[in-house]
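Student: Sequence and predicted structure below; questions after.
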Amino acid sequence: MKKLLMAAALAVTSGPALAAPLCDDLGFAGLLAKCNRGEDIPLTLASGQPLGEDVTLESGAYYTLVVTADGSAELAIEGASFFRSIWMNEIVINKIEIRPMAIDSIEFDKAGVVEMSFIAIKPGRHVLRIPGSTGETQSITISIQ
């Protein structure tokens with residue numbers, strides 16, 4: 001019985017349950033409040049160039065993924081496990097706002113920028129990569145805590 005109570009206490013006080021928004025007073029905007037926004041996550045899609053750096057996000061916080069393609073090749077990023085572990089607020093392409101339920105990948109046929117704002121939800125390690133690539137610099141790991 002003691003072991004069961006100890007396990008229950010640990011489950012309540014550790015792990016994802018400790019994840020919280022970045023600020024205490026979210027106000028009317030809730031999780032979308034300005035004080036709950038983390039740093040932008042920049043990614044670069046360019047032939048032969050690194051995609052970006054690994055990042056750690058906090059569950060419950062609001063972030064923007066900024067993907068910039070230089071048009072040097074037709075490239076995409078994919079990461080179904082990541083896209084299923086977040087709540088997407090919107091994707092902005094050429095100042096057009098899209099509010100999707102879910103996506104699997106984003107592909108660029110020419111130069112451009114996509115901004116995807118989201119709230120990190122499900123803890124875990126997720127990989128965003130250029131499809132078909134095998135190089136270490138052609139993927140990043142996004143950890144949600």
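Tutor: Yes, it's here.
Student: How much space separates G71 from E115?
Tutor: Distance of G71 to E115, given as C-beta to C-beta, to the nearest Å: 17 Å. Any C-beta I mention is one placed from the backbone N, CA and C, and that applies to glycine too.
Student: What residues does the closest residue in space to L32 that isn't next to it in sequence make contact with?
Tutor: Closest residue to L32 apart from its sequence neighbours, by C-beta to C-beta, 6 or more residues apart in numbering: Y62 at 5.9 Å. By C-beta atoms under 8 Å, 6 or more residues apart in numbering, the contact list for Y62 reads 31-33, 36-38, 89, 117-119.
Student: These: which two are farthest apart?
Tutor: Based on C-beta to C-beta, the longest span within those runs between A33 and F118 and measures 14.8 Å.
Student: Comparing the two, which shows the higher neighbour count?
Tutor: F118 (21 against 16; other C-beta atoms under 10 Å).
Student: Quick check: bridge partners of that one?
Tutor: Beta bridges link F118 to Y63, M88 when assigned by DSSP bridges.
Student: correct me, but it touches I86?
Tutor: Yes. With contact defined as C-beta atoms under 8 Å, F118 reaches I86; the gap is 4.3 Å.
Student: Contact partners for I142?
Tutor: Here I142 is in contact with 41, 54-57, 79, 82, 125-128 (C-beta under 8 Å, 6+ apart).
Student: For this protein, which segments count as strands?
Tutor: 41-45, 55-57, 62-69, 75-78, 86-93, 96-98, 105-108, 112-120, 124-129, 139-144 (DSSP state E).
Student: Who does the last one pair with, and is each partner parallel or antiparallel?
Tutor: This points to strand 139-144. Here, using DSSP bridges, strand 139-144 pairs with strand 55-57 (parallel), strand 124-129 (antiparallel).
Student: in it, what's buried?
Tutor: 139-140, 142, 144 (16 or more other C-beta atoms under 10 Å).
Student: now do the first one
Tutor: Counting neighbours by 16+ other C-beta under 10 Å, one finds that the buried residues in strand 41-45 are 41, 43, 45.
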